[in-house]
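Enquirer: coords please:
(one chain, ligands or ions: 1)
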Amino acid sequence: MTINLESESTMMKKTCTNEFSELKEVIVCSPIHMKIKEIINETQKHFAKENIDESLAVKQHKKFVETLVINGIKVYGLPPEEQFPEQVFTRDIGFTLGDKVFVSHMGSDIRSGEEEILRKWLQENKTSFIPQSKHSIEGGDVLVDGSTIFVGISGRTTIEAINVLKEELPSYKILPILIDKEYLHLDCVFNVISPNEAIIFPEGIREEDRQYLASRYDLIEVTKEEQFTLGTNVLSIGSKKIISLPCNKDINTKLRMRGYEVIEVDISEIIKSGGSFRCCTMPLARANR
Ligand SMILES: CN(C)C(=N)NCCC[C@H](N)C(=O)O
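Expert: The predicted model follows:
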(Lines give C-alpha, C1' and ligand atoms only; values in the text may rest on other atoms or scores of the structure.)
Protein backbone atom coordinates (compact mmCIF):
# COMPACT_ATOMS: atom_id res chain seq x y z
CA MET A 1 0.00 0.00 0.00
CA THR A 2 1.31 3.43 -0.95
CA ILE A 3 0.19 6.51 0.98
CA ASN A 4 -0.26 8.77 -2.02
CA LEU A 5 0.21 12.45 -1.37
CA GLU A 6 1.44 13.71 -4.69
CA SER A 7 -0.61 15.75 -7.08
CA GLU A 8 0.61 17.19 -10.37
CA SER A 9 1.22 20.59 -8.82
CA THR A 10 2.81 19.56 -5.49
CA MET A 11 4.78 16.54 -6.67
CA MET A 12 8.25 16.26 -5.11
CA LYS A 13 10.09 13.40 -6.80
CA LYS A 14 12.48 11.54 -4.52
CA THR A 15 14.98 9.18 -6.09
CA CYS A 16 17.97 7.23 -4.79
CA THR A 17 19.43 4.65 -7.11
CA ASN A 18 22.71 4.10 -5.30
CA GLU A 19 24.76 4.99 -2.22
CA PHE A 20 27.35 7.26 -3.84
CA SER A 21 26.08 9.66 -6.48
CA GLU A 22 25.63 13.34 -5.63
CA LEU A 23 23.51 13.65 -2.48
CA LYS A 24 20.75 16.21 -2.99
CA GLU A 25 18.32 15.95 -0.09
CA VAL A 26 18.64 14.31 3.28
CA ILE A 27 16.71 14.00 6.55
CA VAL A 28 18.54 14.37 9.88
CA CYS A 29 17.55 14.89 13.51
CA SER A 30 19.41 16.75 16.23
CA PRO A 31 20.73 14.57 19.11
CA ILE A 32 19.39 17.03 21.67
CA HIS A 33 17.70 14.20 23.64
CA MET A 34 20.35 11.59 22.91
CA LYS A 35 21.02 9.15 25.74
CA ILE A 36 21.80 5.46 26.27
CA LYS A 37 18.55 4.78 28.10
CA GLU A 38 18.38 1.09 27.33
CA ILE A 39 21.25 -0.94 25.88
CA ILE A 40 20.07 -2.06 22.45
CA ASN A 41 23.36 -2.81 20.71
CA GLU A 42 26.89 -4.04 21.44
CA THR A 43 28.58 -0.64 21.11
CA GLN A 44 26.31 0.88 23.73
CA LYS A 45 27.44 -1.81 26.22
CA HIS A 46 30.90 -0.23 26.20
CA PHE A 47 29.63 3.29 26.74
CA ALA A 48 26.56 2.82 28.93
CA LYS A 49 28.35 3.92 32.11
CA GLU A 50 29.86 7.11 30.75
CA ASN A 51 26.77 7.63 28.57
CA ILE A 52 26.39 10.51 26.08
CA ASP A 53 27.27 14.16 26.61
CA GLU A 54 24.28 15.54 24.68
CA SER A 55 25.64 19.05 24.39
CA LEU A 56 28.84 17.72 22.79
CA ALA A 57 26.77 15.44 20.53
CA VAL A 58 24.66 18.44 19.45
CA LYS A 59 27.79 20.50 18.74
CA GLN A 60 29.34 17.70 16.65
CA HIS A 61 26.08 17.08 14.82
CA LYS A 62 25.83 20.79 13.92
CA LYS A 63 29.30 20.64 12.33
CA PHE A 64 28.24 17.57 10.38
CA VAL A 65 25.09 19.32 9.14
CA GLU A 66 27.15 22.41 8.22
CA THR A 67 29.43 20.15 6.16
CA LEU A 68 26.42 18.79 4.29
CA VAL A 69 25.05 22.28 3.65
CA ILE A 70 28.43 23.64 2.49
CA ASN A 71 28.45 20.81 -0.02
CA GLY A 72 25.15 21.96 -1.51
CA ILE A 73 22.92 19.34 0.14
CA LYS A 74 19.39 20.28 1.21
CA VAL A 75 19.08 19.18 4.83
CA TYR A 76 15.69 18.67 6.50
CA GLY A 77 15.50 18.28 10.27
CA LEU A 78 12.88 16.14 11.99
CA PRO A 79 11.61 17.51 15.31
CA PRO A 80 13.46 15.78 18.16
CA GLU A 81 11.23 14.41 20.93
CA GLU A 82 12.37 13.67 24.45
CA GLN A 83 10.83 10.19 24.54
CA PHE A 84 13.09 9.06 21.64
CA PRO A 85 16.79 9.01 22.69
CA GLU A 86 17.93 7.34 19.41
CA GLN A 87 16.31 9.74 16.95
CA VAL A 88 19.63 11.07 15.60
CA PHE A 89 19.91 7.80 13.61
CA THR A 90 17.40 8.80 10.93
CA ARG A 91 18.77 6.22 8.50
CA ASP A 92 16.89 3.48 10.24
CA ILE A 93 13.39 4.93 10.14
CA GLY A 94 13.05 4.91 6.38
CA PHE A 95 14.77 4.37 3.05
CA THR A 96 14.48 5.57 -0.52
CA LEU A 97 14.80 2.89 -3.19
CA GLY A 98 14.59 4.08 -6.76
CA ASP A 99 11.67 6.51 -6.77
CA LYS A 100 9.91 5.04 -3.74
CA VAL A 101 10.21 6.20 -0.14
CA PHE A 102 9.62 3.50 2.47
CA VAL A 103 8.87 4.03 6.15
CA SER A 104 10.41 1.33 8.34
CA HIS A 105 8.90 -0.89 10.97
CA MET A 106 11.34 -0.54 13.84
CA GLY A 107 12.85 -3.66 15.37
CA SER A 108 13.41 -2.36 18.90
CA ASP A 109 10.73 -1.17 21.34
CA ILE A 110 12.58 1.93 22.45
CA ARG A 111 12.72 3.17 18.83
CA SER A 112 9.12 2.29 17.91
CA GLY A 113 7.26 5.50 17.28
CA GLU A 114 10.18 7.34 15.66
CA GLU A 115 8.86 6.31 12.27
CA GLU A 116 5.55 8.07 13.04
CA ILE A 117 7.44 11.39 13.09
CA LEU A 118 8.83 10.61 9.63
CA ARG A 119 5.35 9.71 8.33
CA LYS A 120 4.03 13.02 9.58
CA TRP A 121 6.92 14.89 7.97
CA LEU A 122 6.41 13.12 4.63
CA GLN A 123 2.69 13.90 4.72
CA GLU A 124 3.32 17.57 5.51
CA ASN A 125 5.87 17.71 2.71
CA LYS A 126 3.58 16.06 0.16
CA THR A 127 5.86 13.07 -0.30
CA SER A 128 4.23 9.70 -1.01
CA PHE A 129 5.54 6.72 0.93
CA ILE A 130 5.09 3.01 1.49
CA PRO A 131 4.77 2.04 5.15
CA GLN A 132 6.21 -1.30 6.25
CA SER A 133 3.67 -2.31 8.82
CA LYS A 134 3.98 -6.02 9.49
CA HIS A 135 7.57 -7.14 9.90
CA SER A 136 10.59 -5.32 11.22
CA ILE A 137 12.99 -3.72 8.77
CA GLU A 138 15.39 -0.82 9.44
CA GLY A 139 17.17 1.39 6.90
CA GLY A 140 20.65 0.56 8.24
CA ASP A 141 20.14 -2.87 6.70
CA VAL A 142 19.12 -1.61 3.25
CA LEU A 143 21.59 -0.59 0.52
CA VAL A 144 20.77 0.09 -3.11
CA ASP A 145 23.03 -0.20 -6.12
CA GLY A 146 21.15 0.21 -9.39
CA SER A 147 18.78 -2.69 -9.83
CA THR A 148 20.21 -4.56 -6.84
CA ILE A 149 19.10 -4.03 -3.27
CA PHE A 150 21.17 -5.61 -0.50
CA VAL A 151 19.24 -6.23 2.70
CA GLY A 152 20.87 -7.43 5.89
CA ILE A 153 19.13 -10.13 7.88
CA SER A 154 19.93 -8.84 11.34
CA GLY A 155 18.47 -8.54 14.81
CA ARG A 156 16.36 -5.69 13.38
CA THR A 157 15.43 -6.90 9.89
CA THR A 158 13.64 -10.18 9.24
CA ILE A 159 13.47 -12.43 6.21
CA GLU A 160 9.67 -11.95 6.24
CA ALA A 161 10.15 -8.19 5.81
CA ILE A 162 12.57 -8.85 2.95
CA ASN A 163 9.92 -11.03 1.26
CA VAL A 164 7.40 -8.18 1.53
CA LEU A 165 9.96 -5.83 -0.05
CA LYS A 166 10.42 -8.32 -2.91
CA GLU A 167 6.68 -8.18 -3.60
CA GLU A 168 6.73 -4.39 -3.51
CA LEU A 169 9.74 -4.08 -5.82
CA PRO A 170 9.40 -6.91 -8.35
CA SER A 171 11.77 -5.38 -10.88
CA TYR A 172 14.72 -5.34 -8.44
CA LYS A 173 17.11 -8.11 -7.54
CA ILE A 174 16.86 -8.21 -3.74
CA LEU A 175 19.76 -9.98 -2.09
CA PRO A 176 19.44 -10.92 1.58
CA ILE A 177 22.78 -10.90 3.40
CA LEU A 178 22.95 -12.70 6.71
CA ILE A 179 25.08 -10.71 9.13
CA ASP A 180 26.60 -11.85 12.38
CA LYS A 181 24.22 -10.81 15.20
CA GLU A 182 27.07 -9.06 16.97
CA TYR A 183 26.78 -6.31 14.34
CA LEU A 184 23.70 -4.18 14.41
CA HIS A 185 23.00 -3.47 10.76
CA LEU A 186 24.41 -4.35 7.34
CA ASP A 187 25.97 -0.86 7.09
CA CYS A 188 28.13 -1.67 10.16
CA VAL A 189 29.99 -4.22 8.02
CA PHE A 190 29.38 -3.24 4.39
CA ASN A 191 28.92 -0.11 2.30
CA VAL A 192 29.05 0.57 -1.43
CA ILE A 193 31.09 3.63 -2.47
CA SER A 194 31.21 3.38 -6.27
CA PRO A 195 29.90 1.11 -9.03
CA ASN A 196 32.87 -1.17 -8.47
CA GLU A 197 34.15 -0.51 -4.94
CA ALA A 198 32.77 -1.35 -1.53
CA ILE A 199 34.00 -1.17 2.06
CA ILE A 200 33.71 -4.37 4.06
CA PHE A 201 34.43 -5.86 7.46
CA PRO A 202 34.75 -9.46 6.23
CA GLU A 203 34.26 -11.21 9.59
CA GLY A 204 30.72 -9.85 9.84
CA ILE A 205 29.51 -11.50 6.61
CA ARG A 206 29.34 -15.21 5.83
CA GLU A 207 31.65 -16.74 3.25
CA GLU A 208 29.17 -17.28 0.38
CA ASP A 209 27.90 -13.68 0.53
CA ARG A 210 31.46 -12.38 0.81
CA GLN A 211 32.36 -14.33 -2.33
CA TYR A 212 29.47 -12.83 -4.25
CA LEU A 213 30.38 -9.31 -3.08
CA ALA A 214 34.03 -9.93 -4.05
CA SER A 215 32.93 -10.97 -7.55
CA ARG A 216 31.05 -7.70 -7.95
CA TYR A 217 33.19 -5.14 -6.10
CA ASP A 218 36.78 -4.38 -5.34
CA LEU A 219 36.49 -4.82 -1.56
CA ILE A 220 38.30 -2.41 0.76
CA GLU A 221 38.75 -4.01 4.16
CA VAL A 222 38.18 -2.30 7.48
CA THR A 223 40.20 -3.52 10.47
CA LYS A 224 38.58 -4.89 13.65
CA GLU A 225 39.52 -1.71 15.55
CA GLU A 226 37.98 0.51 12.89
CA GLN A 227 34.87 -1.65 12.62
CA PHE A 228 34.30 -0.81 16.29
CA THR A 229 34.48 2.89 15.39
CA LEU A 230 32.15 2.24 12.44
CA GLY A 231 34.74 2.53 9.67
CA THR A 232 32.30 1.18 7.07
CA ASN A 233 29.61 3.68 8.04
CA VAL A 234 30.91 6.57 5.95
CA LEU A 235 28.62 8.83 3.93
CA SER A 236 29.29 9.32 0.23
CA ILE A 237 28.04 12.68 -1.02
CA GLY A 238 29.08 12.40 -4.66
CA SER A 239 32.03 13.52 -6.82
CA LYS A 240 34.26 11.03 -4.93
CA LYS A 241 33.71 12.89 -1.62
CA ILE A 242 33.26 10.79 1.49
CA ILE A 243 32.54 11.96 5.04
CA SER A 244 34.45 9.89 7.58
CA LEU A 245 35.67 10.03 11.19
CA PRO A 246 39.20 11.35 11.89
CA CYS A 247 39.89 8.34 14.15
CA ASN A 248 39.44 5.85 11.28
CA LYS A 249 42.90 6.54 9.91
CA ASP A 250 43.47 3.24 8.12
CA ILE A 251 40.28 3.34 6.02
CA ASN A 252 40.73 7.08 5.36
CA THR A 253 44.22 6.44 3.99
CA LYS A 254 42.96 3.59 1.80
CA LEU A 255 40.20 5.82 0.41
CA ARG A 256 42.57 8.72 -0.26
CA MET A 257 44.95 6.36 -2.08
CA ARG A 258 42.03 5.50 -4.37
CA GLY A 259 41.46 9.16 -5.18
CA TYR A 260 38.64 9.95 -2.78
CA GLU A 261 38.41 13.28 -1.02
CA VAL A 262 37.90 12.24 2.60
CA ILE A 263 36.17 14.96 4.61
CA GLU A 264 36.91 14.31 8.27
CA VAL A 265 34.21 15.30 10.74
CA ASP A 266 34.34 14.36 14.40
CA ILE A 267 31.10 12.80 15.66
CA SER A 268 32.88 10.64 18.24
CA GLU A 269 30.23 11.37 20.88
CA ILE A 270 27.42 10.15 18.62
CA ILE A 271 29.09 6.89 17.61
CA LYS A 272 29.06 5.80 21.28
CA SER A 273 25.44 4.84 20.66
CA GLY A 274 26.34 2.59 17.72
CA GLY A 275 25.89 4.64 14.56
CA SER A 276 27.94 6.98 12.40
CA PHE A 277 27.44 9.20 9.33
CA ARG A 278 25.36 6.80 7.25
CA CYS A 279 23.17 6.09 10.25
CA CYS A 280 22.64 9.80 10.91
CA THR A 281 21.25 10.52 7.44
CA MET A 282 18.20 9.36 5.54
CA PRO A 283 18.74 10.33 1.88
CA LEU A 284 15.62 11.35 0.00
CA ALA A 285 17.28 12.25 -3.27
CA ARG A 286 20.55 11.64 -5.05
CA ALA A 287 21.50 12.59 -8.59
CA ASN A 288 21.04 9.87 -11.14
CA ARG A 289 24.36 8.34 -12.06
C1 LIG B 1 24.93 1.54 11.15
N2 LIG B 1 23.89 1.58 12.14
C3 LIG B 1 24.16 0.82 13.27
C4 LIG B 1 22.70 2.23 11.94
N5 LIG B 1 22.22 2.29 10.80
N6 LIG B 1 22.02 2.74 12.95
C7 LIG B 1 22.51 3.05 14.25
C8 LIG B 1 21.46 2.85 15.27
C9 LIG B 1 21.99 2.96 16.66
C10 LIG B 1 20.91 2.91 17.69
N11 LIG B 1 21.48 3.09 19.00
C12 LIG B 1 20.16 1.61 17.64
O13 LIG B 1 20.63 0.64 18.24
O14 LIG B 1 19.12 1.52 17.01
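Enquirer: Val151: what's it in contact with?
Expert: Ile137, Asp141, Val142, Leu143, Thr157, Ile162, Leu165, Ile174, Leu175, Pro176, Ile177, Leu186 (CB atoms under 8 Å, 6 or more residues apart in numbering). Using the backbone N, CA and C atoms, a C-beta is placed for each residue, glycine as well.
Enquirer: who wins for most neighbours among those residues?
Expert: Highest neighbour count within the contacts of Val151: Asp141, with 31 neighbours (other CB atoms under 10 Å).
Enquirer: Can you tell me how far it is from Pro176?
Expert: Taking CB to CB, to the nearest Å as the measure, Asp141 falls 10 Å from Pro176.
Enquirer: who touches both of the two?
Expert: Shared contacts of Asp141 and Pro176 (CB under 8 Å, 6+ apart): Val151, Gly152, Ile153.
Enquirer: residues touching the last one, list them.
Expert: Contacts here follow CB under 8 Å, 6+ apart; on that basis Ile153 touches Asp141, Ile159, Ile162, Pro176, Ile177, Leu178, Ile179.
Enquirer: Closest one to the ligand out of the residues you listed, please.
Expert: Taking CB to the nearest ligand atom as the measure, the ligand lies nearest Asp141 of the contacts of Ile153, at 7.7 Å.
Enquirer: The closest one: what's it in contact with?
Expert: Residues counted as contacts of Asp141 (CB under 8 Å, 6+ apart) are Val151, Gly152, Ile153, Ser154, Arg156, Thr157, His185, Leu186, Asp187.
Enquirer: now swap in Lys14 and tell me
Expert: Contacts of Lys14 (CB under 8 Å, 6+ apart): Glu25, Thr96, Asp99, Val101, Thr127, Leu284, Ala285.
Enquirer: Wait, the first one touches Ala287, no?
Expert: This means Glu25. No - using CB atoms under 8 Å, Glu25 is not in contact with Ala287; the gap is 10.7 Å.
Enquirer: Which one's more surrounded, the two?
Expert: Glu25 (18 against 14).
Enquirer: What is the burial count for Glu124?
Expert: As a burial measure, Glu124 scores 9 neighbours (other CB under 10 Å).
Enquirer: Ile117 versus that one, what's the distance?
Expert: From Glu124 to Ile117 the distance is 11 Å (CB to CB).
Enquirer: Likewise for Thr96?
Expert: The gap separating Thr96 from Ile117 is 17 Å, by CB to CB.
Enquirer: the more surrounded of the two?
Expert: The residue with more neighbours, out of Thr96 and Ile117, is Thr96; 25 against 18, by other CB under 10 Å.
Enquirer: so which helix or strand takes in Leu284?
Expert: Here Leu284 sits within strand 282-286, counting by DSSP states H and E.
Enquirer: Tell me which strands that strand pairs with, and in which orientation.
Expert: Partner strands and pairing direction for strand 282-286 (DSSP bridges) are strand 23-29 (antiparallel).
Enquirer: what about the helix or strand just after the strand it pairs with, distance to the chain center?
Expert: Sequence order places helix 42-47 as the next helix or strand after strand 23-29, per DSSP H and E. Put simply, helix 42-47 sits 19 Å off its chain's centre (CA atoms, centre = their mean, to the nearest Å).
Enquirer: If you count neighbours, what's buried in helix 42-47?
Expert: Buried residues in helix 42-47, counted by 16 or more other CB atoms under 10 Å: Thr43, Gln44, Phe47.
Enquirer: Likewise for stretch 205-222?
Expert: For stretch 205-222, a neighbour-count test (16+ other CB under 10 Å) marks Ile205, Asp209, Arg210, Leu213, Tyr217, Ile220, Glu221, Val222 as buried.
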